[in-house]
Each structure stands twice: as C-alpha cells, then as structure tokens.
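K.L.:
Mind looking at a prediction? Sequence and model below.
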Amino acid sequence: MVAVAALAADRLVFSPLIDLWRDHAHRIAELRTDLDKGKALLVREQAIRDRWDKLQKSALPNDGSAAESKVLTAVERWTRDSGLGVTSIKPQWKQPADDYKTFECRVDAAGDIETLMRFLYEIERDPLAVRVEDLELSARDDNGLQLSLGVRFSALVLTGAQG
C-alpha cells in the first residue's frame, strides 16, 4: 500500500512539480537573456536614435517626382565630379514594404579605372540614402585601359510613420 502511494505521489505530484520547476528555470534563463539584450539596447539608444535620424534626413522625399529629380541630379553630380561618361540611366520604382519604397537606377558608363573608382566613391560618400546593389565591370579594349561599368543602386524613400 505504501509502495502504491509512493508511486502515485511520484506520478501525480513530484514528476509534474519537477517538470514545472525545469520549465520555470528555462523561462527565467530566457527572460534574463531578454533583459540583457534590453539593457544593451538602452546603452546604445542614443547612437541608434542618431542613426535613425540621419537615415530619415538622408532619405528621399515621399513625392515621386521630387525623389527622382534628387537622384538624377545626384547622378549628374557624380558623373561630373568623376569625369565618367554615362551611356544610359534606367530608373525604376519598387515598393518592397508598406513603410518604405526604393527608387532603383541602373547606370551604364565607360571610362578608365580612375574615373570608375571616383564615380563609385562619389556614390558611397553622398549624403543621400543610397546603396549599391549590383556592380558589373568589364574591359572594352585588349589592354583593359577602357572599362565599362554597370551599376545598380537604390535610394530609400520612407513612406510610413517615421517616429
């Protein structure tokens, strides 16, 4: 009778309590990890807010024609500053999410290595929220002195609530 009572107590009381204890210990460990991540975010809060403010300021305006004008003006500036010869520009709008869209441009150009490098440098240092997506480089002559460049970049337009 004592053995049956001990078995019943083990199955009905002790085993569920041990399982519950393990689950709570696991949940406490998860919460401690989340708390550590939260503390790390609080430490980096100002840097994250500063970066978000910079991104919002460097994003294109929500007006489509104004955004296109800003990007095309930037492309003209980049080509002028680098001395690159642009052969074509193909712009295209994309909206991957509700709160932002991108204005993508493919620029095909030709020049020597210095002008190509300077053009890419101008894209990267521009204050606009622009990111190079694809880059193709090929030689136009046997010596590799004249090169052809195909670059696709996207510019950010924030469309949703920006808080």
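P.N.:
The structure has been received and is ready for your questions.
K.L.:
The chain - how does it break down into domains?
P.N.:
2-43, 60-158 (automatic domain parsing).
K.L.:
So which of the ones you listed is nearest residue 50?
P.N.:
Closest to residue 50 of the domains of the chain, according to Cβ to Cβ: domain 2-43, at 13.7 Å. Every C-beta, even on glycine, is put in place using the N, C-alpha and C of the backbone.
K.L.:
I'd like the domains of the chain laid out as CSV, including mean pLDDT, mean neighbour count and distance to residue 52.
P.N.:
Formatted as CSV, the domains of the chain follow (pLDDT from 0 to 100; neighbours: other Cβ atoms under 10 Å; distance: least, Cβ to Cβ, whole Å):
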stretch, mean pLDDT, mean neighbour count, distance to residue 52
domain 2-43, 90, 10, 13
domain 60-158, 91, 15, 10
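K.L.:
The nearest residue to residue 112 once chain neighbours are set aside in helix, strand or coil?
P.N.:
Leaving aside its chain neighbours, residue 112 sits nearest to residue 145 (6.0 Å; criterion: Cβ to Cβ, 6 or more residues apart in numbering). Per DSSP: H, G, I helix; E, B strand; the rest coil, the secondary structure class of residue 145 is coil.
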